[in-house]
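Engineer: the sequence isn't on hand, but the structure is:
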């Protein structure tokens, strides 16, 4: 519980410091997916500073670097599928609604740190509009 509160505060302060002005008129699951993308972005930055490369979900997760909670490491969480593709100097993260879900918003992030979104039917990509 304390870890969850600390992570939520860390994300909130990071968003304010980054100048994000977000208004979510989305479901709680869409907001949760957004938070998971932000936390993964932060974990990748920390992992890169330690290892000079980006990490997989398994490397970022509680069994190795312990930079991410275990629920996202599995690739599915709360109506979303998370895909993290990693190469030495690059990563891409996509959070897309599960096929059985009525959710429409998907998210994208890469090593540029720019968070992007799409309201469907196509998933968010590097060309999708940034979240402001």
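Structural biologist: On my side now, so go ahead. Values in this document were obtained by computation on a predicted structure and should not be read as measured data. Numbers count the residues shown, from 1 in each chain.
Engineer: just the strands in the chain please.
Structural biologist: In the chain, the segments counted as strands under DSSP state E are 76-77, 80-87, 90-97, 106-110, 116-118.
Engineer: now for the lengthiest helix in the chain, which elements pack on it?
Structural biologist: When every helix of the chain is counted residue by residue (DSSP state H), the longest turns out to be helix 28-51. In terms of contacts (3 or more CB pairs under 8 Å, 6 or more residues apart in numbering; DSSP states H and E), helix 28-51 is packed against helix 2-17, helix 57-60, helix 70-73, strand 76-77, strand 80-87, strand 90-97, strand 106-110. For every residue, glycine as well, the C-beta is placed using N, CA and C.
Engineer: describe which strands the fourth one pairs with in its sheet and in which direction.
Structural biologist: So the one you mean is strand 76-77. Using DSSP bridges, the strands paired with strand 76-77 are strand 80-87 (antiparallel).
Engineer: quick one: mean pLDDT for the strand it pairs with?
Structural biologist: Model confidence over strand 80-87, given as mean pLDDT, is 95.
Engineer: tell me which residues of it come out buried.
Structural biologist: Of the residues in strand 80-87, those with enough neighbours to count as buried (16 or more other CB atoms under 10 Å) are 80, 81, 82, 84, 86.
Engineer: then stretch 102-110?
Structural biologist: By neighbour count on 16+ other CB under 10 Å, the buried set for stretch 102-110 is 103, 105, 106, 107, 108, 109, 110.
Engineer: most centrally placed residue in the chain?
Structural biologist: The residue at the geometric middle of the chain, judged as the C-alpha nearest the mean C-alpha position with CA atoms, centre = their mean, is residue 37 (1.0 Å).
Engineer: does residue 40 really touch residue 92, like I thought?
Structural biologist: No: the criterion here is CB atoms under 8 Å, and residue 40 misses it with residue 92 at 11.0 Å.
Engineer: what touches both of those two?
Structural biologist: Taking CB atoms under 8 Å, 6 or more residues apart in numbering as the contact definition, residue 40 and residue 92 share the neighbouring residues 84, 109.
Engineer: those two: which has the busier surroundings?
Structural biologist: Each of residue 40 and residue 92 had its neighbours counted (other CB atoms under 10 Å), and the higher figure belongs to residue 40 (24 against 16).
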